[in-house]
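>>> what follows is a predicted protein model with its sequence.
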Amino acid sequence: MILWHGLRDALLMAYEVWWALVLGFAVSAVVQAWVPRERIERSLAGRGPRPVALASALGAASSSCSYAAVAIARSLFAKGASAASSLAFQFASTNLVWELAFVLWALIGWQFALAEYLGGLLMIALMALVLRAFVSPALEREARERAKRSTGGHQHHIATSAEPLRERLRSSDAWSDVAHNFRADWQMLWREISIGLLLAGFVAQIPDSAFSSAFLTSSAPALQALWGALIGPLIAVASFVCSVGNVPLAAVLWSGGISFAGVVAFLFADLIVLPIVAIYRKYYGAAFALRITAAMFVTMAASALAIDALFSGAGLVPVSRPSRGAVFGSISLDYKLILDAIALLAFAALFAVTVRRGARDPVCGMRVERSKAFAVTRDGETLYFCSPGCRDAHARNRAH
């Protein structure tokens with residue numbers, strides 16, 4: 001019975017957020033395809049507020065996938081971006097993106113979407129201020145050298161358009177770029193989203209009394225906020241879910257009684273889940289990985305508490321919480337059904353473009369735009385790759 005209820009609630013939540021996910025990924029794909037970024041990347045070296053601001057802008061225009069954000073940040077760091085700028089890119093890429101805001105708004109309200117954006121900006125500012133207390137210049141130089149030597153896996157080529165905006169709106173090539181970015185984001189994140197929905201569905205079966213005890217719901221509001229800011233990131237670390245996939249569980253935690261600060265801190269903490277900390281260690285070494293993880297935890301908790309205090313003072317923290325039934329909703333003939341149907345059509349149309357104009361990378365399985373892929377012709381057959389890394393890996397495999 002619990003198995004059925006968990007699966008049912010996961011499916012109901014998927015129904016609740018489907019239109020928001022598709023809309024968010026579509027807007028993100030447009031931004032990725034049509035916002036020029038080469039000039040920003042060249043400006044990230046050096047210190048001070050300007051490179052950090054540029055890195056934040058670049059992150060906000062990127063995919064929300066936490067793993068992709070970490071890989072791109074490593075590349076930027078190896079090319080000369082400061083540690084503060086690289087981490088700012090990660091924070092922006094996972095907190096200042098459209099799909100996250102849309103899903104938060106759809107599930108638990110606009111207040112959380114606004115808190116995510118303001119808190120993301122605050123985290124970036126705090127990280128830039130306190131990072132030197134955690135990472136010395138010598139350790140940063142050592143980590144940079146290690147980042148240059150690490151392969152970091154391959155990074156997918158981002159399909160981009162160079163045409164003026166008016167021409168892009170009428171260009172099939174430009175919309176093909178959008179479609180391929182849309183599909184690439186779904187391929188990177190569908191597992192995270194699915195795991196997040198399933199986890200939310202089964203966590204929702206935990207009795208209310210257990211949530212009340214864990215979140216100190218009978219304590220003073222200040223203590224609840226402090227405890228939530230500390231336990232929220234720890235729950236995120238234990239759940240292993242990151243990026244937009246952690247929003248469904250955030251909704252369940254909010255309905256279960258965790259403080260506003262706890263929800264915000266939980267959402268912030270997708271960059272310190274254990275698999276990503278292991279990637280930090282691989283890229284930069286254990287010492288640097290532990291220190292930036294500690295710095296991120298501190299800035300996440302502090303930012304969550306600051307946002308909680310700001311929103312409480314402004315009267316923006318929701319007074320009532322949704323019930324479990326309200327969080328998961330129900331299927332009926334209403335505006336959500338219509339929006340979901342439109343989203344399904346848009347999803348199918350964008351995927352159809354990638355099938356018609358794309359090809360499958362034989363190494364990683366990513367769908368790539370044929371006209372902009374890294375193509376190799378051997379024995380009369382043309383193969384298309386998402387990145388030079390996949391192309392070179394295929395050549396090495398053939399050689400062996």
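Here it is on my side, so go on. Numbers count the residues shown, from 1 in each chain.

>>> distance between the ends of stretch 149-167?
41 Å (Cα to Cα, to the nearest Å).

>>> please apply the same query to stretch 371-388.
End-to-end distance for stretch 371-388: 15 Å, by Cα to Cα.

>>> quick one: the strands in this structure, in order.
358-360, 367-369, 374-378, 381-385 (DSSP state E).

>>> of all those, which one is nearest residue 221?
In terms of Cβ to Cβ, the element of these nearest to residue 221 is strand 367-369, at 49.0 Å. Just so you know, the C-beta spots here come from the backbone N, C-alpha and C atoms, and that holds for glycine as well.

>>> ranges for the helices of the stretch 151-300 of the chain?
165-170, 172-203, 208-214, 221-239, 247-256, 260-268, 274-284, 286-313 (DSSP state H, counting those that start in this stretch).

>>> make TSV from the strands of the chain and add mean neighbour count, mean pLDDT and distance to residue 211 to it.
Converted to TSV, the strands of the chain look like this (neighbours: other Cβ atoms under 10 Å; pLDDT from 0 to 100; distance: least, Cβ to Cβ, whole Å):
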stretch	mean neighbour count	mean pLDDT	distance to residue 211
strand 358-360	19	84	45
strand 367-369	24	81	41
strand 374-378	13	81	50
strand 381-385	17	84	48
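
>>> may I see those strands organised as a markdown table, with distance to residue 122 added?
Converted to a markdown table, these look like this (distance: least, Cβ to Cβ, whole Å):
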| stretch | distance to residue 122 |
| --- | --- |
| strand 358-360 | 39 |
| strand 367-369 | 37 |
| strand 374-378 | 39 |
| strand 381-385 | 40 |
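
>>> for residue 340, find the nearest of these.
Nearest to residue 340 among the strands of the chain is strand 367-369; the distance by Cβ to Cβ comes to 23.8 Å.

>>> the closest one pairs with which strands, parallel or anti?
Pairing partners of strand 367-369, with direction, according to DSSP bridges: strand 358-360 (antiparallel).

>>> what sits up against the strand it pairs with?
With Cβ atoms under 8 Å, 6 or more residues apart in numbering as the contact definition, strand 358-360 has outside contacts at 180, 183, 366, 367, 368, 369, 370, 373, 383, 384.

>>> in contact with residue 108, which residues?
By Cβ under 8 Å, 6+ apart, the residues touching residue 108 are 250, 251, 254, 263, 318, 322, 327.

>>> 6 Å - rerun?
251, 254 (Cβ atoms under 6 Å, 6 or more residues apart in numbering).

>>> do you know the pLDDT at it?
pLDDT for residue 108: 90.

>>> closest to residue 95 among the contacts of strand 358-360?
Lowest distance from residue 95 to the contacts of strand 358-360 (Cβ to Cβ) belongs to residue 183, with 23.4 Å.
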